[in-house]
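K.L.:
Here is a sequence together with a model predicted from it:
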Amino acid sequence: MGNICSISISIDHPISSCWNSSTEQANYLLKLPENLIILGTACERLRELRDDVKSKLDIAEREQMQPLRQVVGWLSRVEILESQVSQLIEDGTAEIDKKCVGDCCPANCRSGYRLGKRVARKLKEVETLMTQAPPSDVVAESLPSPGVGERPSETTVAMDSRLDMVRRSLDEENVGIIGLYGLGGVGKTTLLTQINNAFAKTCTLHDFDFVIWVTVSKTVNLGKIQDDIWKTIGFCNDKWKSKDGDEKAKSIWRVLSQKSFLLLLDDLWERLNLPELGVPLQNKRNHKIVLTTRSEGVCAEMEADKKIKVKCLTWTESWDLFRMKLGEDTLNFHSEIPRLAQAVARQCCGLPLVLTTIARAMACKKTPQEWEYAIEVLQSSASKFPGMGDKVFPLLKYKDCPINKARLIRRWICEGYLCEFEDMKRAENQGYNIIGTLIHACLLEETHVDYVVKLHDVIRDMALWIVCETVGVQDKFLVQAGCGLTEAPEVGRWMGPKRISLMDNRIEKLTGSPNCPNLSTLFLQKNSLKMITGSFFQFMPNLRVLDLSRSCITEIPRGISNLVSLHYLNLSLTRIKELPFELKNLGKLKCLELAYMYELSSIPKQLISSLSMLQAINMFNSGISNVAALKDGLLSDDNEALIEELESLKYLYKLSVTIKSVSAFKSLLSSHKLRSHIVSLCLHNFKGSSSFSLTSLSTETCLEQLMISNCGSLEDLEIDWAGEVKATIESDTLNSKVSYHSHFQGLWSVVIITCPRLKDLTWLVFAPNLKALAIGDCDQMREVIGTTSKWVGFAEDVENLNPFAKLQVLSLVDLPQLETIFWKSLPFIYLSRIIVDGCPLLKKLPLNSNSAKGHRIVIKGRKEWWEEIKWEDEPTEKVFLPCFVPVEE
């Protein structure tokens, strides 16, 4: 018989010869000793027969066969009988030992008779079981072919392209493990289900012997995972369940190492030791694993050969899913509902779980008023929306808002979150590590540039929900950001909270004197603020962080001097013209943000130097307005007094400053302390200077941002070309795999605006980590990286330089003479965006078919310019034509 494991065992019948049914009842008593011996011998023969059957079964199971039910039943009955016989022999032996002295009869004839009768019956039962032993030709049969069980799933949208991406990855021979990661609720499990079901619907997709689904979850149970695997590849009986983890792993390994398989692991939260489970990994061609997780870090820990981020749906996809779950009856019930439904769907930010939950909740809402109320709830307190608090946010637990990483970390430091280190550098490193962890966990999102992150609206709402659900802190947060407020909340609500955020509203004035004994953080940025009364900050003794940036205020109330605990003050992008001298009372201030305060015309002398605890001061691109004349003080044209006060700051670590004269620039460079702490430098309105040197800045690794603006006489930026080329070539020679340039090492952003005589920026070849470059309103600039006489004597050395290796954004605006960016095509591994406007002579971009390295570059410009672009060849044109996005007139 095919696929049958047989066994042939000879059976004697000694029992029949020693027992005569016609023997009188006295024989029960007289032959008890003899029959006990015979019963023990017969039981031993039965054990031998059982062991032979088990041996055959073990061989069969290793060959992926399962025992017949009659065999399992026979073994079970043997086990029960064996236990009974052992007890009976023990009782009989004890009875014989109690014989009367000098007599052959037991002391108690009645009990001896009953015992003898039981022995006789057990002898017959043993004989019967031996005759009922499994047929000599059958003990097991082959398991049925392991089919792929289709898992329950709902109708989806936008899943085909994702599924195709995974299928293509599975076809790659060098890809063994694929990690699908993304935000909770984004559709990872749905995608994994579609992968499973694709195999269930067609057997020709792959020649896998097994397709195995395992749900791992946060609390890992290795035994359950092994059981789930074995249910697909083996026979999960009591024998399997009795094995320990190591034995199970050996069994799983023995089977899977000889087979091809696809293992689908859903919902990993940490590294899973696959060999410990018994899963072989040595053959990537036949052994494939697809896992889902919220953390890119888990993909790395699992040594995934390919990591695929499952992203939120596009707006079109989101609307299709929302309509599907809502139903056309509700959508068409009232003419206003489609418009309102789109507004609601946009609040879901492309998360399928949120779209589905909210659409189902709204399916019975058929009046415009109900929909308008839903929009209001979602904007103000999403956790109160039906289904969000109990279905969505718990799953996510463990308005896209761009956040500058460095600024976020400075706030954390001033809040006291990163107080483990007294050294600001070490605290910053810890901050960047935290941000990286949040990105890998998909709780923060990366943008097209790596110095900015985004916080997903739903994650923000989830975080607030967690806070509100935590016992004892319900009243510690007052958050009404982006709610369209025109007035601040009533004063009574300010007393309890420790942190208040009213950012991104339309509040125009702050009046009264709210009593806020606990308040440590107050966000008022991005409001229409025009007036704050002098007594507003009177009762905020513990306020550490205050953000008034991006508001319309023109002056600071002098009552700000009451904020004696303030560590962080942000006045950037306001219309403030003068800083009050009362700011000197902020003795604990560590970070002062004064960036992009174009109309700032006066900072009193001795104010900056009186803030003795300052560690970071940001005056980047401030005090540059031509409208307000600069008054006496630190912002006078020569900036000399400002340089002196900055140098007096004992703890200064980060300096961002605007310099408006060559003499002040020289004074700045002459101070080693200041020069070594410059993070951002704006050189503005240098009059009468046709050139100045950047050589002194080139070795300062802390310089990150450089802006040069309104320098009408500037024709050239001087640099030690011979020294820079030598340093670059030497560093490349020392390490051919990792190019380490010692000059402009930290510089990642360069902005050149309104320098009409400047002809090129060739020195940028020595800025290896440049990420953002913006050039605008430079009438005579003909080339970004030049091929001029500057290279004489160095042509061979610089031929292999790779400028812009890390460039992410390139903006070229109003450059009427610009003809070239670079003399040859370059690889742009990280470039995400090119913006060109007002550059009619720029007919060729430094691109070829391999420049993008497989990722999409968005190119923005005017249509007429784009139509005149000359491509290196036809493959290059084919790669980049789909990348164009026209700029609106």
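P.N.:
Yes, it's here. Just so it is clear, the structure is predicted and the values come from calculations on it, not from any experiment.

K.L.:
buried residues in the helix ranked longest in the chain?
P.N.:
Selection of the longest helix in the chain by residue count, based on DSSP state H, yields helix 32-62. Buried residues in helix 32-62, counting neighbours by 16 or more other C-beta atoms under 10 Å, are found at 32-33, 35-36, 38-40, 42-43, 45-46, 49-50, 52-54, 56-57, 60-61. In this view, the C-beta of every residue, glycine as well, is placed from N, C-alpha and C.

K.L.:
Show the average pLDDT along that helix.
P.N.:
Computed over helix 32-62, the mean pLDDT rounds to 78.

K.L.:
quick one: contacts for residue 290?
P.N.:
Applying C-beta atoms under 8 Å, 6 or more residues apart in numbering to residue 290 gives the contacts 166, 170, 177-178, 180, 192, 195, 262-265.

K.L.:
before we move on, what about residue 589?
P.N.:
Neighbouring residues of residue 589 by C-beta under 8 Å, 6+ apart: 566-569, 583, 611, 613-614.

K.L.:
Of the residues you listed, just say which sits nearest to residue 187.
P.N.:
Nearest to residue 187 among the contacts of residue 589: residue 568, at 38.8 Å, using C-beta to C-beta.

K.L.:
Would you list the phi and psi of the closest one?
P.N.:
Per-residue torsions, residue 568: phi -140, psi 130 (degrees, to the nearest 10).

K.L.:
All further residue positions should be reported with the first residue as 486.
P.N.:
Will do, 486 is the new start, and the previous item becomes residue 1053.

K.L.:
tally of neighbours for it?
P.N.:
When counting by other C-beta atoms under 10 Å, one arrives at 23 neighbours for residue 1053.

K.L.:
From residue 1051, how far out is the nearest residue to it once chain neighbours are set aside?
P.N.:
Excluding its sequence neighbours, the residue lying closest to residue 1053 (C-beta to C-beta, 6 or more residues apart in numbering) is residue 899, at 3.6 Å. Separation of residue 899 from residue 1051 (C-beta to C-beta, to the nearest Å): 9 Å.

K.L.:
Pull up the overlap in contacts between the two.
P.N.:
Taking C-beta under 8 Å, 6+ apart as the contact rule, the neighbours common to residue 899 and residue 1051 are 1029-1030.

K.L.:
For the contacts of residue 1074, pick the one with the most neighbours.
P.N.:
Most surrounded of these: other C-beta under 10 Å gives residue 1051, at 27 neighbours.

K.L.:
ok, now which ones touch the nearest residue in space to that residue that is not next to it in sequence?
P.N.:
Once flanking residues are discounted, residue 1051 sits nearest to residue 1071: 5.1 Å by C-beta to C-beta, 6+ apart. By C-beta under 8 Å, 6+ apart, the contact list for residue 1071 reads 1045-1046, 1048-1049, 1051, 1054, 1096.

K.L.:
and the host helix or strand of residue 1182, average pLDDT?
P.N.:
Assigned by DSSP states H and E, residue 1182 belongs to helix 1180-1183. Across helix 1180-1183, pLDDT averages out at 78.

K.L.:
How far away from the center of its chain is that helix?
P.N.:
38 Å (C-alpha atoms, centre = their mean, to the nearest Å).

K.L.:
following it, which helix or strand comes up?
P.N.:
Sequence-wise, the next helix or strand beyond helix 1180-1183 is strand 1190-1194, with elements assigned using DSSP H and E.

K.L.:
now the helices for the stretch 986-1135 of the chain?
P.N.:
Ranges of helices in the stretch 986-1135 of the chain, per DSSP state H, counting those that start in this stretch, are 1092-1095, 1125-1132.

K.L.:
repeat for the stretch 586-735 of the chain
P.N.:
594-616, 645-655, 673-686, 707-718, 723-726, 730-741.

K.L.:
Sort out which residues of the third one are buried, please.
P.N.:
By neighbour count, with 16+ other C-beta under 10 Å as the criterion, the buried positions of helix 673-686 are 673-684.

K.L.:
quick one, it and helix 645-655 angle?
P.N.:
Interaxial angle, helix 673-686 versus helix 645-655 (axes from the mean of the first three to the mean of the last three C-alpha atoms, to 10 degrees): 70 degrees.
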